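Participant: Give me a 3D structure for the following:
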Amino acid sequence: MIKILKLKEFFFVSLLYSLVVLGISGGGQPAEAEKTFADLQIAQISSESSVGNTNQTINPVKLRPAKDPNQPSPESNSLSKPVMIKSKSNAKELTPSSSDVREVGVSVEKLNSVSVDSVGLLSPRTGGLPETIWEGVSRKKLEKLMSMLPVNSKSPALRKLTLRVLLSRAKVPGRDSVNNKLSSLLNSRIRLLISMGYIKEAAELMSQIPPEMFDDKMLRAEADALFMLNDNARVCSLVSSQVRKIDTSYWQKAFIFCQSLAGEAEKAALGASLLRETGESTPIFHGLLNQISGLQKYNVKSLVDPEPLYFAMARVAKAELPDDVVFSNNPAILRTIAISPNASPGVRLEAAEKAEALGVLKTELLRQLYAGVAFSETAEDTSTLDAGDKLGSRQRALFYRKALVESSPHETAKIISKALALAMETGHYSSSARVYLPVLKGLQPSEEISWFGKEAIRALLSAGEIDLVVKWFEFYRSMDSTNIDVKNILSYSRPLALISGAIDDEQWNPEMLKEWRSVTSKISNTNASDNEEVDLPKVMRLYTLVYGLGYEIPDSYWDELVNNARVSTIGPYLAIWESIDRAVQNGSLGEAILLFLIAMGENGPGDTSNILLQKILFSMNKLGLYKEARVIALEAALATGL
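Facilitator: Got it, this is the predicted structure:
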């Protein structure tokens, strides 16, 4: 008890000192501290500890006042710099995308008068869903469905749709809050954003909620978000306002870290020693604190799923992150590793690939990392790599670098074609298509690379570049119509273009499916005979997607598949199936969207059964989600290898 009282007394005195001398307060920003670290050798801890002088000085890490949020930061384009929270009016920072949350084309507007539970960053005018999306669903059901949403999906389509749901401003059923506390619904939205890696968006959403509504858990979530964003000024302001509640080691450790940032090395050391006396002796915390204070170098041996506080400390201490840090499945952690200067190039590259695939890292940053990988002269040959080789991050970087420096369109197309084929084998196709997009844009359709059109069209569709796909179709239509290779590429690519909306509905003809079936085996296997058919699962998948989008397929086409089709005993969960029907029938848009997301799960459209996928596409069209249905159908088609 005496030790606990002693610890409380210490933190109260430290806080008072910070308030008076350094200007740290709950409502303000930490002031700059011009102190010099001393050579600390504390033999006996007491409230009257003395500090000796030393000839060696180590400059402290300074807490700087917050900058004007509208002022552009020179650090924003650097891989090695922290990402700061942008102004609420910065629309581009708050729009969802698979590779950059700024690609969907929506913007953010400030709230006027709206209930707390209805807060959001997006309105229908700025890309959000209708404000009435929760009509027809009870609050209890809404909270349950929200808690079931997948958070680690690699599906760009599902992540975008989930993000729109979580950020949209909408009226919700039931009471907003009880006793001025944050509701479980709003709490779930914030936690889902954090779990998905959308830390900036979560922080922006929290900034629109009255602080007095936050409980201890949500306050810690806010602090963790700011630690992950490397916004030490704001997080230390928050910590200083909460450290009065010193009954938890989290706030105590965070406060000690902030003291070390402010140059109060002796007070930080004293606080750390008192923590040890109460039984809190986490090696990584004390080791990193010693390195920040210049007392002793600390080697971080393992850091699997680390706490955001330790990440922030490791960055300030310039401690190299261990290799096992990339084992994390946390999107926000992976993104932080990718932009951390204290991680090795290999670790950063591996983390960047994972973070980009999860939609929390800009593809351009992955390109920069690829371009910066160092290779020996003997490693510059990609011609001997094939699908049987183990293709890792460095090999993917090598292909990208070769494509960048190649001057011949023909050779560039060959490199990209091989890289994408290998990426399909390793599950990196979508990410690779986005990485190569600038190079693909530079390859103008021509007779020299006419053979490359099939792969170019697939990659461009995967990256969402519909207009460039149209250019390839226009090029092929301008060529000799008797050229068998041109006819085959057009026949192969039309169904995908139809699904994506790259060609008009008026061009739809069921014969398109027959032509696709006849050329697919030939285009995939040049040794195939005229009578050889494409595998039936792909045919069934294509028919499912086309029919699900509302295109009529003659009965005879289905009849051809009946004799060979096997009845699957694996189907969608009946409750989900029936719930989708009821939601669509009642016009409950929000409930239906949540059910779609839950039904397709973390594996996304690519692993969703045909019968369920068709149900979802039908339902989305009934609800007016035409564009979203096409995106999901295209993703399913590409994942199947169509």
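
Participant: Please tell me how far the residue positioned nearest the centre of the chain sits from residue 337.
Facilitator: With distances taken as Cα atoms, centre = their mean, the residue of the chain nearest its centroid is residue 360 (2.5 Å). For residue 360, the distance to residue 337 equals 11 Å [Cβ to Cβ, to the nearest Å]. Any C-beta I mention is one placed from the backbone N, CA and C, and that applies to glycine too.

Participant: still on that earlier bit, look at the residue nearest to the centre of the chain and give its secondary structure.
Facilitator: Counting by DSSP: H, G, I helix; E, B strand; the rest coil, the backbone at residue 360 sits in coil.

Participant: correct me, but it touches residue 335?
Facilitator: Yes: between residue 360 and residue 335 there is a contact at 4.6 Å, judged by Cβ atoms under 8 Å.

Participant: Can you pull the residues that touch both of residue 360 and residue 337?
Facilitator: Here residue 360 and residue 337 share no contacting residue, scored by Cβ atoms under 8 Å, 6 or more residues apart in numbering.

Participant: helix or strand right after the helix or strand of the chain with the lowest mean pLDDT?
Facilitator: When the helices and strands of the chain are scored by mean pLDDT, DSSP states H and E, helix 2-17 comes last with a mean of 49. Following helix 2-17 in sequence order, the next helix or strand is helix 139-147 (DSSP states H and E).

Participant: any idea how far that next one is from the chain center?
Facilitator: 23 Å (Cα atoms, centre = their mean, to the nearest Å).

Participant: what are the ranges of the strands in the protein?
Facilitator: With DSSP state E as the definition, the chain shows no strands.

Participant: Break it down into its structural domains.
Facilitator: Domains of the chain are assigned by automatic domain parsing as 320-372, 535-642.

Participant: and among those domains, the most buried is which?
Facilitator: Across the domains of the chain, averaging neighbours per residue (mean count of other Cβ atoms under 10 Å) puts domain 320-372 on top, at a mean of 21.

Participant: Do me a favour and average the pLDDT over it.
Facilitator: Averaging pLDDT along domain 320-372 gives 89.

Participant: and it, how far apart are its ends?
Facilitator: This stretch, domain 320-372, spans 19 Å end to end (Cα to Cα, to the nearest Å).

Participant: Mind pulling the model confidence for residue 160?
Facilitator: 92.

Participant: I misspoke; the intended subject was residue 587.
Facilitator: Looking at residue 587, the pLDDT reads 88.

Participant: Please list all residues in contact with it.
Facilitator: Residues in contact with residue 587 (Cβ under 8 Å, 6+ apart) are 135-136, 623.

Participant: quick one: which of those residues is nearest residue 260?
Facilitator: When the contacts of residue 587 are compared for distance to residue 260 (Cβ to Cβ), residue 135 wins out at 51.6 Å.

Participant: just checking, that closest one touches residue 591?
Facilitator: No: using Cβ under 8 Å, residue 135 is not in contact with residue 591; the gap is 9.2 Å.

Participant: Residue 431 and residue 503, how far apart?
Facilitator: From residue 431 to residue 503 the distance is 26 Å (Cβ to Cβ).

Participant: between these two, which one's more packed in?
Facilitator: Between residue 431 and residue 503, counted using other Cβ atoms under 10 Å, the more crowded position is residue 431 (24 against 20).

Participant: Could you find the closest non-adjacent residue to that one?
Facilitator: Ranked by Cβ to Cβ, 6 or more residues apart in numbering and with sequence neighbours excluded, the top spatial neighbour of residue 431 is residue 357, at 4.9 Å.

Participant: distance of that neighbour from residue 633?
Facilitator: From residue 357 to residue 633 the distance is 20 Å (Cβ to Cβ).

Participant: How about residue 458?
Facilitator: 15 Å.

Participant: residues near residue 401, how many?
Facilitator: Neighbourhood size, residue 401 [other Cβ under 10 Å]: 18.

Participant: So it versus residue 432, what's the distance?
Facilitator: 14 Å.

Participant: need the contact list for the nearest residue to residue 318 once chain neighbours are set aside.
Facilitator: Spatial nearest neighbour of residue 318, excluding adjacent residues (Cβ to Cβ, 6+ apart): residue 342 at 5.4 Å. Shown in contact with residue 342 (Cβ under 8 Å, 6+ apart): 314-315, 318-321.

Participant: try residue 636
Facilitator: Listed by Cβ under 8 Å, 6+ apart, the contact partners of residue 636 are 541, 545, 605-606, 608, 613.

Participant: Could you tell me the per-residue confidence at residue 272?
Facilitator: 86.

Participant: For residue 313, see how far away it is.
Facilitator: Using Cβ to Cβ, residue 272 is found at 12 Å from residue 313.

Participant: swap in residue 242?
Facilitator: If you measure residue 242 against residue 313 using Cβ to Cβ, the figure is 18 Å.

Participant: Who has more neighbours out of these two?
Facilitator: Using other Cβ under 10 Å, the more surrounded residue of residue 242 and residue 313 is residue 313, with 28 against 21.

Participant: ok so, going back, who touches both of residue 360 and residue 335?
Facilitator: With Cβ under 8 Å, 6+ apart as the test, residue 360 and residue 335 both reach residue 197.

Participant: what's the closest non-adjacent residue to residue 260?
Facilitator: Nearest non-adjacent residue to residue 260, counting by Cβ to Cβ, 6+ apart: residue 268, 4.2 Å away.

Participant: What residues does the one you found make contact with?
Facilitator: So residue 268 contacts 256-257, 259-260, 289, 293 (Cβ under 8 Å, 6+ apart).

Participant: mind redoing it with 10 Å?
Facilitator: Taking Cβ atoms under 10 Å, 6 or more residues apart in numbering, we find residue 268 in contact with 14, 37, 40, 255-262, 289-290, 292-293.

Participant: go on, residue 546?
Facilitator: 495, 498-499, 508, 510, 512-513, 516, 552-553, 617, 633, 637.

Participant: count of neighbours near residue 244?
Facilitator: 13.

Participant: tell me the average confidence for stretch 165-178?
Facilitator: Here stretch 165-178 scores 78 as its mean pLDDT.

Participant: roughly how far out does that stretch sit from the chain middle?
Facilitator: For stretch 165-178, the distance to the chain centre is 24 Å (Cα atoms, centre = their mean).

Participant: Could you do stretch 220-233 as well?
Facilitator: Counting by Cα atoms, centre = their mean, stretch 220-233 comes out at 17 Å from the chain centroid.

Participant: can you pull out the helices in the stretch 451-600 of the chain?
Facilitator: Using DSSP state H, counting those that start in this stretch, the helices of the stretch 451-600 of the chain run over 453-462, 466-478, 484-500, 511-524, 536-548, 555-562, 574-586, 589-600.
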